[in-house]
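Peer 1: I need the structure of the sequence given here:
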Amino acid sequence: MEEKERAKRILVVEDERNIAAVLAYNIRKEGYECDVAYDGEKGLEMALTDAYDLLLLDIMLPKMTGFEICDQVRMKSQVPIIFVTAREEEKDRILGLETGADDYVTKPFSFKELMARVRANIRRSSGEVVKRAEPEKTVEPIRVGDLVIDREHYSVTKGGEVIELSKKDYDLIAFLAENVGVAFTREELLEKIWGYDDYYGDIRTVDVTITRIRKKIEKDSSHPEYLMTKRGVGYFLCNR
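Peer 2: Model (predicted):
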């Protein structure tokens, strides 16, 4: 008899108990298993059990912030992380993504939108696990000027030096390298990299990620030579 696939598990770390209860109730209605932690320390302890398929983190938490949790989890796991927070300033969004989060949703939010993002992140994460588990033939690195995108080891170097990138940073630059010279709109990149359609995606996420990558790969991020903008269209990687 074929074994039934286990339900995906989600951890909610939220100190406002009414919000946590509503999230947990609706997540379970969607067919997921859900656990809740009400402070940062407990949330980190539970997250590090590696038993979850996705984490939903508030930022302002007792004992430890969501940023600190994300940073600690990323040292050991690539589980998808979505910040769900009232902090909507761009600097907070940038910090959230730089600590390794996959997405950032501000309160108040549409639960339908949030679940679309949850499903997209779990789907992409599950697909990646399957792909990496299969034996593969050697994939040749992509060379774009001094940049080398090593698709076998999921790394990027420039002039022989390793560039530290988050998973989404790598996914984005690897995709553009595979389509070097082709410009993609923000909406197309949201769908290709984040798995969101036009309605649910936030194009600012693409802009923040592009800005962050430029700071890491360009000599002068204000005058990029690799990661270019095509006015009126979107972004592309230039083969110098």
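Peer 1: now do the phi/psi pair for His170.
Peer 2: Careful, residue 170 is Tyr; it's not His. Backbone torsions for Tyr170, taken as degrees, to the nearest 10, come to phi -60, psi -50.
Peer 1: so it versus Glu152, what's the distance?
Peer 2: Applying C-beta to C-beta, to the nearest Å, the value for Tyr170 to Glu152 is 13 Å. All C-beta spots, glycine's among them, are computed from the backbone N, C-alpha and C.
Peer 1: more neighbours: which of the two?
Peer 2: Tyr170 (18 against 11; other C-beta atoms under 10 Å).
Peer 1: ok, that one - contacts?
Peer 2: Neighbour list for Tyr170: Tyr154, Ser155, Val156 [criterion: C-beta atoms under 8 Å, 6 or more residues apart in numbering].
Peer 1: double-check that the last one belongs to a strand.
Peer 2: Looking back up the chat, that one is Val156. Yes: when DSSP: H, G, I helix; E, B strand; the rest coil is applied, Val156 is found to be in a strand.
Peer 1: surely it touches Glu164?
Peer 2: No: Val156 lies out of contact with Glu164 (C-beta atoms under 8 Å); the separation is 9.0 Å.
Peer 1: more neighbours, these two?
Peer 2: Between Val156 and Glu164, counting by other C-beta under 10 Å, Val156 is the more crowded of the two (26 against 8).
Peer 1: which secondary element of this protein has the worst mean pLDDT?
Peer 2: helix 111-133 (a mean of 70; mean pLDDT, DSSP states H and E).
Peer 1: could you say what helices and strands the helix or strand just after that one packs with?
Peer 2: Using DSSP states H and E, the helix or strand that follows helix 111-133 towards the C-terminus is strand 142-144. Packing partners of strand 142-144 (3 or more C-beta pairs under 8 Å, 6 or more residues apart in numbering; DSSP states H and E): strand 147-150, helix 167-178.
Peer 1: put together TSV for these, with mean pLDDT and distance to Glu187 on each row.
Peer 2: Shown next, in TSV, are the helices and strands packed on strand 142-144 (pLDDT from 0 to 100; distance: least, C-beta to C-beta, whole Å):
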stretch	mean pLDDT	distance to Glu187
strand 147-150	91	23
helix 167-178	89	14
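Peer 1: which among the ones you listed is found nearest to Val22?
Peer 2: Val22 lies closest, by C-beta to C-beta, to one member of the helices and strands packed on strand 142-144: helix 167-178, at 27.7 Å.
Peer 1: show the contacting residues for the most centrally placed residue in the chain.
Peer 2: In the chain, the centroid-proximal residue (C-alpha atoms, centre = their mean) is Asp102; its distance is 1.9 Å. Taking C-beta under 8 Å, 6+ apart, we find Asp102 in contact with Pro80, Ile81, Ile82, Asn121, Lys167, Lys168, Trp194.
Peer 1: ok, of those, which one's closest to Ile94?
Peer 2: Here the nearest of the contacts of Asp102 to Ile94, counting by C-beta to C-beta, is Lys168; it sits at 12.7 Å.
Peer 1: who touches that closest one in this structure?
Peer 2: Leu97, Asp102, Ile193, Trp194, Thr209.
Peer 1: farthest pair in those residues?
Peer 2: Longest span within the contacts of Lys168, C-beta to C-beta: Leu97 and Ile193, 12.3 Å.
Peer 1: and Ser155, how many neighbours?
Peer 2: Per other C-beta under 10 Å, the neighbour tally for Ser155 reads 16.
Peer 1: out of everything not next to it in sequence, what's closest to it?
Peer 2: Val162 (6.3 Å; C-beta to C-beta, 6 or more residues apart in numbering).
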